[in-house]
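A.B. asks: here is a sequence with its predicted model. Questions after.
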Amino acid sequence: EEQEEDTLRELRLFLRSVTERLALDRRFKAFTKPVDIEEVPDYCTVVKQPMDLSTVLTKIDVHSYVTVKEFLHDVDLIWKNALEYNPDSNPTDRQIRHRACALKDTVHSIIRDELDEDFEKICQKIRESR
Ligand SMILES: O=C(C1CCC1)N1C[C@@H]2C[C@H]3C[C@@H](O)[C@@H](O)[C@]2(C1)O3
């Protein structure tokens, strides 16, 4: 009902605010756009579900997320994909993994600091009802 749409509108505003902060952080520039599969032809053979911050913003706007948990699942994909595709001990891979870990830790810290657990509980009830 209308109250549910009010809740989901507030969820989208919160998720946009979090995602935009991440996208503005220079450490996370490599995560802002999809990996260019013309530049990296084997990427899709290694990474089964590519994800990036611009895709997360699009998913917010098309109402793909009904809970913060679903949003965090996608941001965690960005982190896991980066570790999976860049596992080696060379400085480039290490820098990507360091930044991926910072992305994951930063988003979880923002959520812990700014999300009311009762709000997420209401979102979960809406998700279970659909
Ligand atoms: O995994 C990624 C992105 C970094 C986080 C997401 N890429 C795979 C390629 C390997 C490495 C160096 C460049 O070849 C560049 O194309 C990529 C992009 O970085």
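C.D. replies: That came through fine.

A.B. asks: from here on, just use CA atoms for contacts and neighbour counts.
C.D. replies: Fine.

A.B. asks: buried sites along the helix or strand encompassing I110?
C.D. replies: If you go by DSSP states H and E, I110 is part of helix 91-114. Residues of helix 91-114 classed as buried by neighbour count (16 or more other Cα atoms under 10 Å): 93, 96-97, 99-101, 103-104, 107, 111.

A.B. asks: what's the answer for stretch 72-89, then?
C.D. replies: 72, 74-83, 85-86.

A.B. asks: residues in contact with I37?
C.D. replies: Neighbour list for I37: 43-44 [criterion: Cα atoms under 8 Å, 6 or more residues apart in numbering].

A.B. asks: and the strands in the protein?
C.D. replies: Counting by DSSP state E, one finds no strands in the chain.

A.B. asks: for it, what lies in contact range of the ligand?
C.D. replies: Contact residues, the chain versus the ligand (Cα under 6 Å from any ligand atom): 30-31, 35, 40, 82, 85, 96.

A.B. asks: just the ones of those in helices?
C.D. replies: 82, 85, 96 (DSSP state H).
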